[in-house]
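**Q** A structural model of the following input is requested.
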Amino acid sequence: MPAELKSTSQGRTMVLAISNPDNRNALDPAMYAAGVEALNVAETNPEVRSVILTGEGSMFCAGGNLQRLQANRQQPPEVQARSIEGLHSWIEAIRTFPKPVIAAVEGPAAGAGFSLCLACDYIVAAQDAVFVMAYSNVALSPDGGATWHLARMLPRQVASELLLGGEKIAAARLHELGVVNRVTAPGAALAEALALAERLNARAPNALASIKELLNEAKDTSLSRQLAAERDHFVRNLHHANAGIGIEAFLSKKPPRYE
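**A** The predicted structure is shown next:
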């Protein structure tokens with residue numbers, strides 16, 4: 001069966017499912033472009049308020065296809081470089097996407113599959129989900145923003161354990177470390193992610209977009225610049241129609257219906 005990224009709609013949420021059943025949902029370069037395209041479509045569609053990234057079946061993603069990587073060793077280095085650039089375009093698209101992105105994880109999330117989770121705004125994982133950066137197990141170094149995300153999310157010693165040692169880490173431990181947001185019963189990750197998405201979908205899209213942008217910039221800027229950015233976003237959102245809707249709904253104790 002072909003490797004593909006399947007797109008479906010669940011209300012106001014787009015669900016993207018990594019599907020490569022013959023290779024444990026391993027990633028394929030065609031998926032990278034499909035992922036970027038899907039997010040571009042979702043960004044311009046006001047009916048889409050959030051996106052969930054998941055794996056088809058009982059596992060999230062095995063990461064890169066080692067047989068393809070072995071074949072690429074016989075090709076010029078530029079071949080693999082282009083492939084990684086495609087993955088990185090998808091990672092950046094997730095990070096900069098102005099709407100919430102939730103990873104719903106069942107089973108293993110390995111290598112670049114783990115990196116895709118780290119790029120999302122939320123991670124919902126089943127109790128038996130396992131995360132691993134196994135690059136060093138096959139004499140490779142990470143890609144997909146793994147070092148960037150883990151260095152910011154975890155103490156150096158824990159990041160070293162995962163990246164240098166290729167150690168597996170359970171969803172429960174990542175939850176304790178603040179990387180995983182919700183832990184569910186096996187088989188329930190997507191349902192919990194959809195419930196979370198629906199709660200986010202009820203909030204004002206412009207406010208969520210501002211919060212995502214501010215969070216993305218916060219760790220790489222000075223306090224004074226961040227304060228200025230917060231001021232500008234606040235003023236812009238105050239004068240958006242949704243602020244009037246939200247404030248009036250709060251004062252009248254009624255649920256808001258944002259544009």
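**Q** Which helix or strand in the chain has the lowest average pLDDT?
**A** One helix or strand of the chain scores below all others by mean pLDDT, DSSP states H and E: helix 66-72, with a mean of 90.
**Q** Show me what it packs onto, helices and strands only.
**A** Counting contacts by 3 or more Cβ pairs under 8 Å, 6 or more residues apart in numbering; DSSP states H and E, helix 66-72 is packed against helix 77-96. For glycine as for every other residue, the C-beta is placed from the backbone atoms N, C-alpha and C.
**Q** Past the helix it packs on, which element shows up next along the chain?
**A** Of the helices and strands lying after helix 77-96 in sequence (DSSP states H and E), the nearest is strand 101-105.
**Q** all strands of the stretch 1-150 of the chain, in order?
**A** Using DSSP state E, counting those that start in this stretch, the strands of the stretch 1-150 of the chain run over 4-10, 13-19, 50-55, 101-105, 108-110, 122-126, 130-132.
**Q** So for Leu238, which of those sits nearest?
**A** Smallest distance to Leu238 across the strands of the stretch 1-150 of the chain (Cβ to Cβ): 23.6 Å, for strand 50-55.
**Q** Can you give the distance of the closest one from its chain's centre?
**A** Centroid separation for strand 50-55 versus its chain: 8 Å, with Cα atoms, centre = their mean, to the nearest Å.
**Q** Can you tell me the strand partners of that strand and which way each runs?
**A** When pairs are called by DSSP bridges, strand 50-55 turns out to pair with strand 13-19 (parallel), strand 101-105 (parallel).
**Q** so it versus strand 122-126, what angle?
**A** Between strand 50-55 and strand 122-126, the angle comes out at 40 degrees (axes from the mean of the first three to the mean of the last three Cα atoms, to 10 degrees).
**Q** Break this structure into its domains for me.
**A** 4-201, 205-251 (automatic domain parsing).
**Q** Most tightly packed of the ones you listed?
**A** With neighbours defined as mean count of other Cβ atoms under 10 Å, the domains of the chain peak in mean count at domain 4-201, which reaches a mean of 19.
**Q** and the end-to-end length of it?
**A** Start and end residues of domain 4-201 are separated by 27 Å (Cα to Cα, to the nearest Å).
**Q** can you check stretch 63-83 too?
**A** Chord length of stretch 63-83, first to last residue, is 13 Å (Cα to Cα).
**Q** Next, the contact list for His149, please.
**A** Applying Cβ atoms under 8 Å, 6 or more residues apart in numbering, we find His149 in contact with Ser115, Leu118, Ala119.
**Q** same check, this time on Tyr135
**A** Residues in contact with Tyr135 (Cβ under 8 Å, 6+ apart) are Gly111, Ser141, Pro142, Asp143, Ala146, Leu163, Gly166.
**Q** Hmm, the first one is touching Gly63, no?
**A** Yes. Using Cβ atoms under 8 Å as the test, Gly111 is close enough to Gly63 to be in contact (2.6 Å).
**Q** Touching both of these two, which residues are there?
**A** Both Gly111 and Gly63 are in contact with Ala134, where contact means Cβ under 8 Å, 6+ apart.
**Q** and for stretch 198-213, what are the contacting residues?
**A** 11-13, 46, 49-50, 97-100, 121, 233, 236-237, 240, 242-243, 245-246, 255-256, 258-259.
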